[in-house]
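**Q** this is a predicted model, with the sequence first.
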Amino acid sequence: MDKTNLADSLLKAFKNPTKLSIIALLFKNKEMTVTQISKILKTTRSNLYQSIKDLLKEKIILISRVQITKNYIEKYYKINEELFNKVKRINLIEKIKETNENDFRELMISFLVMNSFISNVFIQELKIASSEELNSFKEKFLNGLITVYFSTLNEEEAKDFNKIFYTFMDKIEKEENLKDETNLLLTIVLPWKLA
């Protein structure tokens, strides 16, 4: 599959909040079962099967292993990292340029829902974190491994920030060996008003 078709497949999946949530969870947790995913998404396994089937068909996710316990078969799913490494930000931007108004609306809503979902997963983890986990989190914050920041920017500042951000992301995309990610980057720069 060429990069254009890969980008199409990813954008199609990204427009679906359930599929995007599954992708986000698998990125975070490396591998999960449908049962584990359903508990976090607060839905039934049967509600997830079609999304899982579609993501497998598009090769966005893969079966990482199968575990059999007392006549019960549990499949573990993981992200197809090779596919994600092939599709670069520029491929996605080119495909977004081609979207119609409704597709663009759905895509943006899905991205924002995913960011909210990821934030809520972290919130739930912080609520139940042990003292040791909280201290580790605090240490990472104090050592510059966690950044939480909120600000408003004018349009020129937003453009300047995006130039710096995209330069950084281009550097990251050029690195071939990204197998040991231990940090998540969520960045949103949005206008306060749409028009």
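**A** Structure received. Nothing here was measured: the structure is a model prediction, and the numbers come from that model. Numbering: from 1, shown residues only.
**Q** list the buried residues for the lowest-mean-pLDDT helix or strand in the chain?
**A** The weakest-scoring helix or strand in the chain, judged by mean pLDDT, DSSP states H and E, is helix 3-14 (a mean of 77). Of the residues in helix 3-14, those with enough neighbours to count as buried (16 or more other C-beta atoms under 10 Å) are 6-14. For glycine as for every other residue, the C-beta is placed from the backbone atoms N, C-alpha and C.
**Q** show me the contact partners of that helix.
**A** Where contact means C-beta atoms under 8 Å, 6 or more residues apart in numbering, the residues beyond helix 3-14 that reach it are 1, 19-20, 23, 54-55, 58-60, 83-84, 86-88, 91-92, 94-96, 99, 107, 110-111, 114.
**Q** could you do stretch 108-120 as well?
**A** Stretch 108-120 is contacted from outside by 14-17, 20-21, 24, 28, 184, 186, 188, using C-beta under 8 Å, 6+ apart.
**Q** just the C-alphas of it, formatted as PDB.
**A** Taking C-alpha atoms only, stretch 108-120 is exported to PDB below (Å, rounded to 0.1, in the frame of the first residue of the first chain):
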ATOM      1  CA  MET A 108     -11.500  17.700  13.700                       C
ATOM      2  CA  ILE A 109     -14.200  16.600  16.100                       C
ATOM      3  CA  SER A 110     -12.600  13.100  16.300                       C
ATOM      4  CA  PHE A 111      -9.100  14.600  17.000                       C
ATOM      5  CA  LEU A 112     -10.500  16.800  19.800                       C
ATOM      6  CA  VAL A 113     -12.500  13.800  21.200                       C
ATOM      7  CA  MET A 114      -9.400  11.700  21.200                       C
ATOM      8  CA  ASN A 115      -7.400  14.400  23.000                       C
ATOM      9  CA  SER A 116     -10.200  14.700  25.600                       C
ATOM     10  CA  PHE A 117     -10.300  10.900  25.900                       C
ATOM     11  CA  ILE A 118      -6.500  10.600  26.400                       C
ATOM     12  CA  SER A 119      -6.600  13.300  29.000                       C
ATOM     13  CA  ASN A 120      -9.500  11.500  30.800                       C
END
